[in-house]
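Trainee: Predicted model follows, preceded by the sequence.
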Amino acid sequence: MEYIGNRDLLNQPKTAFLASNTIPPDMVLKCYDWATMMRDEGQCVISGFSSHLEKDVWDFLVKGQQPIILVLAREMYKRIPQELQTLLATKRLLIICTSSSPRQSKVTAFARNTYICEHADEILMIGVNEKSSLYPLKIKHHSKLITILDRFESKMEEGHR
């Protein structure tokens, strides 16, 4: 395991975001709303930010001030991209490398996603079915799973008290 950035972020409550490559279209906008809410509430999100939707969520999150944990399924960056350098300088980012492989593979991605699930307090998985590589993690970590509506519904209840 290799780390760059603010390791104190590991002590914060963390919500994992994992998305399959096949997402129902109606879920995409809900994920964008969820990412905006997480950003606005300053909630720490942990993910590989690897699938298309995960990358979109990253774009929403980096516009905020909340902490982000990026978990790589390959070796650590040889040169940190400028966007990440800015986040590292403000102590908003922790980059974790779970593999020494030069490229991500199905095996290293599964190991990364396992790490993410084990270190998250809550897990939001989108587009996962029995054929998905995320399905075994969904079964194993079912007690941590939330739906995309969980936070919206509780926020609405708070607003009506």
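Mentor: Cool, the structure landed. Owing to the predicted nature of the structure, the values given are computational and were not obtained by experimental measurement.
Trainee: What's opposite the spatially most central residue of the chain in the beta bridge?
Mentor: The C-alpha lying nearest the average C-alpha coordinate of the chain belongs to S47 (C-alpha atoms, centre = their mean; 2.4 Å). In this structure, S47 has beta-bridge partners L70, where bridges are defined by DSSP bridges.
Trainee: residues contacting it?
Mentor: By C-beta atoms under 8 Å, 6 or more residues apart in numbering, the contact set of S47 is A16, F17, L18, E54, V57, W58, I69, L70, V71, I116. The way it works is simple: take the backbone N, C-alpha and C, and place the C-beta from them, glycine included.
Trainee: Any figure for the gap between it and I95?
Mentor: In this structure, S47 and I95 are separated by 12 Å, where distance is defined by C-beta to C-beta, to the nearest Å.
Trainee: can you check M38 too?
Mentor: According to C-beta to C-beta, M38 stands 19 Å off from I95.
Trainee: swap in H141?
Mentor: Looking at H141 against I95, where the rule is C-beta to C-beta, the gap reads 23 Å.
Trainee: list the helices and strands the lengthiest helix in the chain packs on?
Mentor: Ordering each helix of the chain by length in residues (DSSP state H) puts helix 25-41 first. Using 3 or more C-beta pairs under 8 Å, 6 or more residues apart in numbering; DSSP states H and E as the contact criterion, the elements in contact with helix 25-41 are strand 14-19, helix 52-61, strand 122-126, helix 148-159.
Trainee: please redo it, this time with the cut-off set to 7 Å
Mentor: With contacts defined as 3 or more C-beta pairs under 7 Å, 6 or more residues apart in numbering; DSSP states H and E, helix 25-41 has these neighbours: helix 52-61, helix 148-159.
Trainee: Show the contacting residues for K144.
Mentor: A120, D121, E122, I123 (C-beta atoms under 7 Å, 6 or more residues apart in numbering).
Trainee: one more time with 6 Å, if that's ok
Mentor: If you count contacts by C-beta atoms under 6 Å, 6 or more residues apart in numbering, K144 has them with E122, I123.
Trainee: in stretch 14-27, what's buried?
Mentor: Applying a neighbour-count criterion of 16 or more other C-beta atoms under 10 Å, the buried positions in stretch 14-27 are K14, T15, A16, F17, L18, A19, S20, I23.
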